[in-house]
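Participant: Below is the sequence, then the predicted model.
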Amino acid sequence: MTEATTGTPPPPVPRGDRTGGARGLQSRRSFVLCAAGVGIGLALDGCSSSPPPPPSPYSGDLRTVALAAALENQAVSAYQALDAALRAGKLGPAFPALAAYLRTATDHHTRHAATWNAILRAAHKPAVTTAALSDHAKLMDTIHAASRVEQAVSAVQGLENQAAQTYTAAAGSLAGVSPALVAASTIAPVEAMHAAALGCLLNGQSAVTSFLGTAQAVPATRLTV
Amino acid sequence: MTGSPTTTPPEAPLDVQVLQTAAALENLAVVTYTSAAELPFVAKGSPRLSALITRNRAHHLAHAQAFNQAVAKAGAAQQHAVDTRYGATVGRMMARMTDPASLADLLNELEDINAQTCTRFAALAAGGSLRALFVNIASVEAQHGSELLIVRTLLDSGHDGQNVTRAAARAIPAAAGTVGIPQAAYPTADASAIDESTVR
């Protein structure tokens, strides 16, 4: 195990993005471009034929919850892809411990998604049933292109760290005591354990540090719904 | 591990109580890991377990400092004593410790109590920064537990290497793949009482 102690308390937790995120920014930019085009008499077919997407149904704390559900869906997809590659022999000989880990971790993430989506449904919001994240395709490309198990595991280990840190940050930004706060505080340690277990299984090296941090927390702007 | 719950009237603000109790649990972890490092079968035994003990002790020291810094910021007395509920019991267990497997079990139990306590306290603390601190540290304690559980399993199966080669990693038993991730949601049933180790 590697020594990784900073002894430094974690930095202040950044508050989550409570605006409409990238979608809202995109709408404002479209409006400005159309208005400018009309002002100088240009034909701007694109403005009228590409209406801005509908506003996101998620705002405030519920946007954080929707982000969490998307992260869990992403983890399930990533683990399923890794499992398929492992079974197909694309990543070398059999790896029983990793295969067992994948089944259990996939089940955990499926349950986590259900927990987050139950909060959305209770608030009369639609569940997030896909990996609605702007980086999802790139992640899946990385896993599908992996020719060594270390490459694919590194990708999913990064997801676990991101999720744990996102929920740690969420615990600091969610308003008051709520089901979302309880979910964040009980799920973050599990994601952190996933990340630690992967390191142990793959090469016996630990990347556990004295504080988890929030530098890798995923911003709500990455959510695409 | 058992202990007699202690209760006192809640005199200090809630945040101060949970911080002092959390600091006391960290202090207990530091003392226990310090004792563990001195055990002959650790000093001359598995390098992997020995490295975990050294590193985890340092982490708990940092956690105790973080909690005590927050206590001081709240204008209350810092907690430098070990947890009152578990301190004596753990001390007795350490005095009788004779093998790495039992030691890993005890250390994992301590990590789990700390993690459950921090997870529970995260939902009780008043401010966002304090909540995040508790989740942050709960996650690290949970990681300690995960690694201890895996190392315990590897010791049992005769796998004991710091830097596992690719071939050796694939020979690790399947049980090691799941033992370190035992639950989908971190429990809080064994969390300490908020006033378990307040400074009196």
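Facilitator: Looks like it came in fine.

Participant: quick one: is the helix or strand of chain B with the lowest mean pLDDT near chain A?
Facilitator: For chain B, using mean pLDDT, DSSP states H and E, the weakest element among its helices and strands is helix B:166-170, scoring a mean of 77. Yes: using CB under 8 Å from any CB of the partner chain, helix B:166-170 comes into contact with chain A via B:166, B:169-170. Placement of C-beta: from N, CA and C, glycine included.

Participant: which among the residues you listed gets closest to chain A?
Facilitator: residue B:170 (4.8 Å; CB to the nearest CB).

Participant: didn't the closest one look like it was pressed against residue A:94?
Facilitator: Yes: with contact defined as CB atoms under 8 Å, residue B:170 reaches residue A:94; the gap is 6.6 Å.

Participant: more crowded one of these two?
Facilitator: Just comparing residue B:170 and residue A:94: by other CB atoms under 10 Å in any protein chain shown the higher neighbour count belongs to residue B:170, 17 against 12.

Participant: Number of residues surrounding the residue nearest to the more buried one when sequence neighbours are not counted?
Facilitator: Closest residue in space to residue B:170, ignoring its immediate chain neighbours: residue A:95 at 4.8 Å, by CB to CB, 6 or more residues apart in numbering or on different chains. Burial measure for residue A:95: 23 neighbouring residues, criterion other CB under 10 Å.

Participant: same deal with the one 3 residues further on?
Facilitator: Other residues within reach of residue A:98 by the criterion other CB under 10 Å amount to 25.

Participant: and if you look at the one 4 residues further on?
Facilitator: Residue A:102 is surrounded by 24 other residues when neighbours are defined as other CB under 10 Å.

Participant: avg pLDDT for the strand or helix carrying residue A:189?
Facilitator: Per DSSP states H and E: residue A:189 is located in helix A:179-203. Helix A:179-203 shows a mean pLDDT of 95.

Participant: Return the set of buried residues in it.
Facilitator: Residues of helix A:179-203 classed as buried by neighbour count (16 or more other CB atoms under 10 Å in any protein chain shown): A:180-203.

Participant: Go back to these and keep what's next to chain B.
Facilitator: A:181-182, A:184-197, A:200-203.

Participant: So is whichever helix in chain B runs longest next to chain A?
Facilitator: Longest helix of chain B, by residue count under DSSP state H: helix B:128-156. Yes: applying CB under 8 Å from any CB, one finds helix B:128-156 touching chain A at B:128-129, B:131-147, B:150-151.

Participant: Name the residue most distant from the centre of chain B?
Facilitator: Distance from the C-alpha centroid of chain B peaks at residue B:167, with 32.1 Å (CA atoms, centre = their mean).

Participant: Report the buried residues of whatever helix or strand residue B:93 lives in.
Facilitator: Using DSSP H and E, residue B:93 sits in helix B:87-95. By neighbour count on 16+ other CB under 10 Å, the buried set for helix B:87-95 is B:87, B:90, B:93-94.

Participant: Leaving out the residues flanking it, which one is nearest to the spatially most central residue of chain A?
Facilitator: The centroid of chain A falls nearest to residue A:71 when counting by CA atoms, centre = their mean (3.1 Å). Nearest residue to residue A:71, sequence neighbours excluded (CB to CB, 6+ apart): residue A:163, at 5.1 Å.
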